[in-house]
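Chemist: Next input, structure requested:
(2 chains)
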Amino acid sequence: MEILWFALAVLCWVLFFALEGFDFGVGMLAPALGRDDHERGAAIRTVGPVWDGNEVWLVAAIGVTFAAFPDWYAALLSGLYLPMVLVLLALAARGVAIEFRGKVDTPAWRRRCEVTLAVSSFVTAGLFGAVVAVATTGLALDPTGAVVGSGLGRTLGPLLSWPALVGAVLGVLAALVQGATFLGLRTTGPVRARARRVAVASAVVGAVVAAGVGVAVGGLAALFAGVVALLGVATAVAAGWRHEGTAFAAATLGVVGAVVAAFTAHVPVVLPSTLDPASSLTITGAAASPYALTVITVGAVLILPGVVAYQAFSYWVFRRRVASERVAA
Amino acid sequence: MTALELSRLQFAVVTVYHYLFVPLSISLSALTAGLQTAWWRTRDERYSRATLLAGKLLMATFAVGVVTGLVQEFQFGLSWSAFAQYYGDVFGPTLAIEGMLAFFLEATFLGLWWFGRDRLRPGLHLATIWVVAVGTLISAYVILAANAFMQHPVGATIDPATGRAVLGSFGALLTNPVVVASFPHTIAGAFMAGGALLLAIGMWRRRDDAVQGPTWRVLARVGAWTTLVGGAAVSLTGDVLGKVMTAVQPMKMASAEALYETTSHAPFSLFAIQLPGMEQPWSIDVPWLLSFLATGDPTATVQGIDDLQRQYELQFGPGNYTPWIPVAYWTFRLMIGLGVAATAAAAYVLWRTRRGRDLTPAWFADRWLLRFLWVLPVLPTAAATFGWLFTETARQPWLVFGLFQTRDGVSPTLTPVELVASLAGFALVYGVLAVVWVRLVLHVSRQEPTPLHPTAEESRPEPVLEMSY
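Modeler: Here you go, the predicted structure:
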């Protein structure tokens, strides 16, 4: 039962990173790739109808984690208190910037929204990359599941480590690759051409960094890193050959692989302790009661297939490319 | 301040702020759906324009509600990790089911509604906004069930070995008598908030915009009716909720009246003041009303704070089980007073604008109403805020009533400096969001309302676009 729920929690996190990854990338790239209000508007419009539904996967992921593994949820969030608060603040700025941009018809208003969107998307992608990397390498957990230390350094300190820095770089690169390939798939004309060039460049850099991580850590993780690097190469090649669908699929698979690798790196440990291996949180140790797990199982089985269906319907409704000329700035 | 006090302050700030936008999202989605249904049935263009305007207000409000609501999902782990560990079995499934069942619906279908205006058939398009409205109600019910558990824990037992709550019956959690009473009360209050916003905007713009005067009038009248009916429903459901609360948390209702001694035929004071040097506070009392509100019987005995304090000491051990009385007393009265004021204003507007009539600035009451129109949308929102402040602070010192105290729930290693940093971050970002939201609402209100669907001349023929996938 716990294994099933661990799998479901990982699935929600994977779906969140895979779906929001291109939202973050589009957020970073839209102001840079669009040369005028119409082009920038078209780029943002590609995610306009779907970004919020994608972000709800974060609610589902954190909700499932809380429901199935309360100790994991408590240790992760209180142990990475300030980084997570920063993520939430950046997400707040991001969501509002997307939604508010088109609601007032002045260039200055749109410009402010675009800059906010780009900066907050960059910060969120980087912080999520760093947080995942830190959670994979472990926190200073004591036997009660609390992170020891005091002051600002307790929860900001872990961000100033090599794994966190590499994680942040990978997070931003992954979002860029996904965002660029998504824009290539969903726009027309000059934006599409520029997105293709960004996709090739960022996929090559991403593949190199992923390969570097593989060499550095070795073992089973190196295998995963190698696969991610190969998918990066495949993305670059497909984008270069203008196989836009293939490029986006390869980029997304790369993100999926990286997230799965990070979450399953220490199974059955879900959150390693850097102080004492005995204090690490395990799948069974962190789980909720069997009845609570049954409740959410029934809920998930009844609800999630419907969610996937109507989200797919939404992507189907908005399947046409967004032409810059038709977007009223 | 200690980490506990700062954590409580942060939870209050972040949650109260989120709840400024929640009632508007709930009511504006249903009002938008209702207006669009009216347009769909009558093809009256006023409804089409009113729908899009309400929809724009909804989009702006929903965006802020979503991003501040996301914070709520994380709060329990961030600064209340002990609570998350001990009550994760109850709260986790509730939040997970809410997210899966309601948030996905709201987020996905609102995107379909806004961007699908020229993509979906009109009937399907209308259905999408109704799905959003239903989604907000489901989400309200489930989250209120989680709150009701904190007021009156049912459906879970405490594992004696670990001290942790173990969920026993999800059905019992969802049929808690407190949520059954608080859900209609909360929803009625939410409709007052959305109604008052449309009422104020409609009345304000009705005079400046002669061309679209009829559209603004529709908004004003719909808003006024919504506020009036919502106000009536709020008082009826509030009466039921008060009786449930008297049964499950007598201390809360005693605190609402600052009733120290157990009294029969207890009066309800409308207003009380105690100046330094006065032995007894001076107050205006309505005889027997408290007994009636608390139990339905004007002669019944209402337990006083002192008796309850003694009783709880015997039951739970030494300690202070009395909430902060002045806050309980005044928030309760402000909730009722501001709600009544909004309802009365709506009734007045409906009377003065009956059968095509209009407010006349020459008449001094109308002049004052028009001058202070901006106060109207503030009233129900402020009333709801005071209501929540009342129900949450008058439960103290308990986080889960009778089982778990607030001081035991805070994240154990969190230090004040971290909390000051996060509070500053929330204050800054939330402050900016509030200013931008108000500017956006004013901007949307100043524009001429456009029809929901562009007319034939406006919509250019769509070039055949390739499919992306």
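Chemist: where in the chain is pLDDT low?
Modeler: The chain I'm using is chain A. In the prediction, chain A carries residues with pLDDT under 70 at positions A:325-329.
Chemist: ah, no, chain B please
Modeler: Within chain B, the segments meeting pLDDT under 70 span B:455-469.
Chemist: Residue of it nearest chain A, please.
Modeler: residue B:88 (2.3 Å; Cβ to the nearest Cβ). Heads up, the C-betas are built off the backbone N, CA and C, glycines and all.
Chemist: Okay, and residue 62 sits in which element?
Modeler: Going with chain A. Taking DSSP states H and E as the definition, one finds residue A:62 inside helix A:51-68.
Chemist: Please refer instead to chain B.
Modeler: helix B:45-78.
Chemist: same check, this time on residue B:227
Modeler: Using DSSP H and E, the element containing residue B:227 is helix B:213-248.
Chemist: repeat for residue A:236
Modeler: For residue A:236, the enclosing helix or strand under DSSP H and E is helix A:219-240.
Chemist: Could you confirm whether the following helix or strand past that helix reaches chain B?
Modeler: Per DSSP H and E, helix A:219-240 leads on to helix A:244-264 as the next helix or strand towards the C-terminus. Yes. When contact is scored as Cβ under 8 Å from any Cβ of the partner chain, part of helix A:244-264 falls within range of chain B: residue A:245.
Chemist: and the next element down the chain from helix A:244-264?
Modeler: strand A:269-271.
Chemist: And chain B, is that next one touching that?
Modeler: No. When contact is scored as Cβ under 8 Å from any Cβ, no part of strand A:269-271 falls within range of chain B; the minimum is 12.3 Å.
Chemist: For burial, what's the neighbour tally of the residue in the stretch 51-200 of chain A that chain B sits nearest to?
Modeler: Ranking the residues of the stretch 51-200 of chain A by distance to chain B (Cβ to the nearest Cβ) places residue A:70 first, at 2.3 Å. For residue A:70, the tally of surrounding residues (other Cβ atoms under 10 Å in any protein chain shown) stands at 31.
Chemist: hang on, it packs against residue A:293?
Modeler: No. With contact defined as Cβ atoms under 8 Å, residue A:70 and residue A:293 do not form a contacting pair (11.3 Å).
Chemist: just to revisit the earlier point, what's the closest non-adjacent residue to the residue of the stretch 51-200 of chain A closest to chain B?
Modeler: Nearest in space to residue A:70, with sequence neighbours left out and distances taken as Cβ to Cβ, 6 or more residues apart in numbering or on different chains, is residue B:88 at 2.3 Å.
Chemist: SS state for that neighbour?
Modeler: helix (DSSP: H, G, I helix; E, B strand; the rest coil).
Chemist: In contact with it, which residues?
Modeler: With contacts taken as Cβ atoms under 8 Å, 6 or more residues apart in numbering or on different chains, residue B:88 has the following neighbours: A:66, A:67, A:70, A:71, A:73, A:74, A:288, B:164.
Chemist: Just name whatever secondary elements the lengthiest helix in chain B is in contact with.
Modeler: Scanning chain B for the longest helix, with DSSP state H as the assignment, gives helix B:3-42. With contacts taken as 3 or more Cβ pairs under 8 Å, 6 or more residues apart in numbering or on different chains; DSSP states H and E, helix B:3-42 sits against helix B:45-78, helix B:122-151, helix B:177-208, helix B:213-248, helix B:375-393, helix B:416-446.
Chemist: Out of those, which is closest to residue B:276?
Modeler: Distances from residue B:276 to each of those were compared by Cβ to Cβ, and the smallest falls on helix B:375-393, at 24.5 Å.
Chemist: Give me the packing partners of the closest one, helices and strands only.
Modeler: Contacts of helix B:375-393 with other secondary structure elements, assessed using 3+ Cβ pairs under 8 Å, 6+ apart, are made with helix B:3-42, helix B:177-208, helix B:213-248, helix B:325-352.
Chemist: Could you identify which of these is most buried?
Modeler: For the helices and strands packed on helix B:375-393, average neighbour numbers computed from mean count of other Cβ atoms under 10 Å in any protein chain shown are highest in helix B:177-208, which has a mean of 24.
Chemist: Any residue of it touching chain A?
Modeler: No. Using Cβ under 8 Å from any Cβ as the criterion, no contacts between helix B:177-208 and chain A are found, and the smallest distance is 15.3 Å.
Chemist: any idea of the angle that helix forms with helix B:416-446?
Modeler: For the pair helix B:177-208 and helix B:416-446, the angle between their directions (axes from the mean of the first three to the mean of the last three Cα atoms, to 10 degrees) equals 40 degrees.
Chemist: In JSON lines: the helices and strands packed on helix B:3-42, plus distance to residue B:351.
Modeler: Conversion of the helices and strands packed on helix B:3-42 to JSON lines gives the following (distance: least, Cβ to Cβ, whole Å):
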{"stretch": "helix B:45-78", "distance to residue B:351": "22"}
{"stretch": "helix B:122-151", "distance to residue B:351": "29"}
{"stretch": "helix B:177-208", "distance to residue B:351": "13"}
{"stretch": "helix B:213-248", "distance to residue B:351": "10"}
{"stretch": "helix B:375-393", "distance to residue B:351": "15"}
{"stretch": "helix B:416-446", "distance to residue B:351": "24"}
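Chemist: nearest to residue B:303, of these?
Modeler: Sorting these by Cβ to Cβ, the top spot, which is the nearest, belongs to helix B:213-248 at 8.6 Å.
Chemist: packing partners for that closest one?
Modeler: Judged by 3+ Cβ pairs under 8 Å, 6+ apart, helix B:213-248 is in contact with helix B:3-42, helix B:45-78, helix B:177-208, helix B:250-257, helix B:289-295, helix B:325-352, helix B:375-393.
Chemist: element containing residue B:1?
Modeler: For residue B:1, there is no helix or strand it lies in under DSSP H and E.
Chemist: In contact with residue A:180, which residues?
Modeler: With contact set as Cβ under 8 Å, 6+ apart, residue A:180 has these partners: A:25, A:29, A:195, A:196, A:198, A:199, A:202, A:239.
Chemist: now, among these, which is nearest to residue B:440?
Modeler: When the contacts of residue A:180 are ranked by distance to residue B:440 (Cβ to Cβ), residue A:29 comes first, at 25.2 Å.
Chemist: The closest one: neighbour count?
Modeler: If you count neighbours by other Cβ under 10 Å, residue A:29 ends up with 27.
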